[in-house]
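Novice: using only what follows, build the 3D model:
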Amino acid sequence: MNASTWIKTAAVASILSIGGTGLLISAASAHDAAAHADLPNPLADAVRAANDRFQDVAVAKSEGYGPIPCVSGIDGGAMGVHFVSEAALKDDAIDIAHPEAVMYEPQADGSMQLIGVEYITTKGPANLDGHLFSFTNAPNRYGLPAFYELHVWAWRHNPTSAFADMNPEVSCDAVAVEAP
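Specialist: Numbers count the residues shown, from 1 in each chain. Predicted coordinates for the structure are as follows:
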């Protein structure tokens with residue numbers, strides 16, 4: 001499957017997604033993550049420093065990133081609008097300064113606010129600075145080969161975890177609705 005087809009498939013699957021990556025998190029580990037949410041996070045700090053240029057969505061567009069629809073979770077929260085780089089998806093390399101996807105929350109005024117990034121690869125097991133990626137096996141709801149992914153909420157606090165898929169503090173409510 002080529003990267004363009006992957007992006008389209010991921011967009012549709014994300015809209016239909018039941019949320020999460022299939023990983024189970026115990027109540028104790030979720031509590032531990034929430035208790036440590038305000039501690040310094042060196043990876044989130046490094047991601048923010050390496051990718052702060054994406055504060056302006058025009059930079060993402062100029063670097064070849066294209067949007068897929070806003071992704072909301074059925075249990076609340078969202079991932080926002082992913083701007084995905086076909087080139088980064090194709091190379092399978094994990095480069096902190098060139099994430100495969102840059103995530104934005106749509107704002108009421110039509111602007112996009114940078115909230116996080118997502119690193120994706122089919123090579124693994126994968127990690128970034130010691131943080132293991134989540135694995136999604138094939139077959140999967142995306143119709144993709146097995147892949148590894150890591151969300152990093154570097155610009156928006158996530159009380160669940162700085163690396164969780166969905167963020168309860170993100171919404172797709174401000175997405176413009178087009179007339180039929």
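
Novice: the protein: helices as residue ranges?
Specialist: Applying DSSP state H to the chain gives helices spanning 3-16, 27-35, 42-51, 57-62, 86-91.

Novice: what mean pLDDT does the fourth one get?
Specialist: Here the mean pLDDT over helix 57-62 is 98, rounded to a whole number.

Novice: got the end-to-end distance for stretch 89-107?
Specialist: One end of stretch 89-107 sits 27 Å from the other (Cα to Cα, to the nearest Å).

Novice: find the nearest non-adjacent residue to the residue nearest the centre of the chain, please.
Specialist: Closest residue to the average C-alpha location of the chain: residue 118 at 3.9 Å, with Cα atoms, centre = their mean. Computed as Cβ to Cβ, 6 or more residues apart in numbering, the closest residue to residue 118 that is not its neighbour in sequence is residue 101, at 4.0 Å. In short, each C-beta sits where N, CA and C put it, glycine included.

Novice: so what's that neighbour up against?
Specialist: By Cβ atoms under 8 Å, 6 or more residues apart in numbering, the contact list for residue 101 reads 65, 82-85, 117-118, 120.

Novice: ok, now with 7 Å
Specialist: Going by Cβ atoms under 7 Å, 6 or more residues apart in numbering, residue 101 touches 82-84, 117-118, 120.

Novice: which one of those is nearest to residue 42?
Specialist: Nearest to residue 42 out of the contacts of residue 101 is residue 117 (Cβ to Cβ; 15.4 Å).

Novice: with adjacent residues omitted, what lies nearest to that closest one?
Specialist: residue 99 is the one closest to residue 117 (Cβ to Cβ, 6+ apart), at 3.8 Å.

Novice: if I read this right, that neighbour contacts residue 116, doesn't it?
Specialist: No - applying Cβ atoms under 7 Å, one finds residue 99 not in contact with residue 116, separated by 9.0 Å.

Novice: quick one: low-confidence parts of the chain?
Specialist: 1-39, 141-143, 176-180 (pLDDT under 70).

Novice: try it again with 80
Specialist: Along the chain, segments meeting pLDDT under 80 span 1-40, 140-144, 175-180.

Novice: quick one: strands adjacent to the longest strand seen in it?
Specialist: Looking across the chain with DSSP state E, the single longest strand is strand 112-121. Applying DSSP bridges, strand 112-121 is found paired with strand 101-106 (antiparallel), strand 147-152 (antiparallel).

Novice: the last one to helix 42-51, inter-axis angle?
Specialist: The one in question is strand 147-152. Strand 147-152 runs at 90 degrees relative to helix 42-51, counting by axes from the mean of the first three to the mean of the last three Cα atoms, to 10 degrees.
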